[in-house]
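Chemist: 3D model of this:
(2 chains)
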Amino acid sequence: GAVVSQHPSWVICKSGTSVKIECRSLDFQATTMFWYRQFPKQSLMLMATSNEGSKATYEQGVEKDKFLINHASLTLSTLTVTSAHPEDSSFYICSAYGQGKISGANVLTFGAGSRLTVL
Amino acid sequence: AQSVTQLGSHVSVSEGALVLLRCNYSSSVPPYLFWYVQYPNQGLQLLLKYTSAATLVKGINGFEAEFKKSETSFHLTKPSAHMSDAAEYFCAVSEGATNKLIFGTGTLLAVQP
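Modeler: I've put the predicted structure just below:
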């Protein structure tokens, strides 16, 4: 089946540093990837949509200079939290949409998430 | 704009009892509807989805949901709860096949022995 891998699963960083989170589609080509943010005991909030080879589309209220999204290939999208602060601490989840290599069917799959803690 | 409302942030049932998690949606176009389950510190696992075919959708782990356009609802049910069903459940809607999901606030299901 379609698998999406996120790395790292846990990251702790100091305030002011930048953190990069990777989202990889392992057995399918993801033409579109979505990044979500989930605060403790809350729902997932869509941050941005990225299509391979083009700039990400950010949801209202999401700072594009703060959360840099790159989707340079059909199997990889990255989210960089720049100059992280404690309020950026959250669970970040990506999802990927594309055509499965084996089945040929379109799939939408979520990654396992990356927990960011900013000290 | 689309939205999803999940009634009841916490639901508690006894093992073996019926599980009913409520979801109502709002959409200006025919929606695609989803139910996901999330275990602590994990990502989302798709339980089932409605994409304009059969209104009664069967998913994994014995769950099913019925799309009722007249009620704008997509409630999730399971005849008999198991301890392993204890988790957070999210209902989501997308505008057709855009795959851009809008999630509800989630319902935490507790299963009592």
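Chemist: contacts, neighbours, all on C-alpha from now
Modeler: Fine.
Chemist: what comes up buried for stretch B:6-24?
Modeler: Buried residues in stretch B:6-24, defined by neighbour count with 16 or more other CA atoms under 10 Å in any protein chain shown: B:Q6, B:L7, B:S9, B:V11, B:V13, B:E15, B:V19, B:L20, B:L21, B:R22, B:C23, B:N24.
Chemist: Residues in contact with it: which ones?
Modeler: Residues outside stretch B:6-24 that contact it (CA atoms under 8 Å, 6 or more residues apart in numbering or on different chains): B:4-5, B:71-83, B:91, B:104-113.
Chemist: Which ones among the buried residues of stretch B:6-24 lie within strands?
Modeler: In strands, judged by DSSP state E, the following of the buried residues of stretch B:6-24 are found: B:V11, B:V13, B:V19, B:L20, B:L21, B:N24.
Chemist: count of neighbours near the closest residue to the last one other than its chain neighbours?
Modeler: By that I understand B:N24. With sequence-adjacent residues excluded and distances taken as CA to CA, 6 or more residues apart in numbering or on different chains, B:N24 is closest to B:S73, at 4.3 Å. Taking other CA atoms under 10 Å in any protein chain shown as the criterion, the count of residues near B:S73 is 20.
Chemist: re earlier: and which of the buried residues of stretch B:6-24 is nearest chain A?
Modeler: Proximity to chain A was ranked across those by CA to the nearest CA; first place goes to B:S9, at 9.9 Å.
Chemist: interface residues of chain B facing chain A?
Modeler: Listed as neighbours of chain A in chain B under the rule CA under 8 Å from any CA of the partner chain: B:41-45, B:90, B:99-106.
Chemist: quick one: which of those is nearest A:G111?
Modeler: If you rank these by distance to A:G111 using CA to CA, B:G43 comes first, at 5.8 Å.
Chemist: how many neighbours does that closest one have?
Modeler: Residues contacting B:G43 under the criterion other CA under 10 Å number 21.
Chemist: Go ahead and confirm it touches A:S95.
Modeler: No - in terms of CA atoms under 8 Å, B:G43 does not count as a neighbour of A:S95; the distance is 9.7 Å.
Chemist: can you list residues touching both of the two?
Modeler: By CA under 8 Å, 6+ apart, the residues touching both B:G43 and A:S95 are A:F110, A:G111.
Chemist: I figured A:L116 hits A:P86, correct?
Modeler: No - counting by CA under 8 Å, A:L116 does not reach A:P86; the two are 9.4 Å apart.
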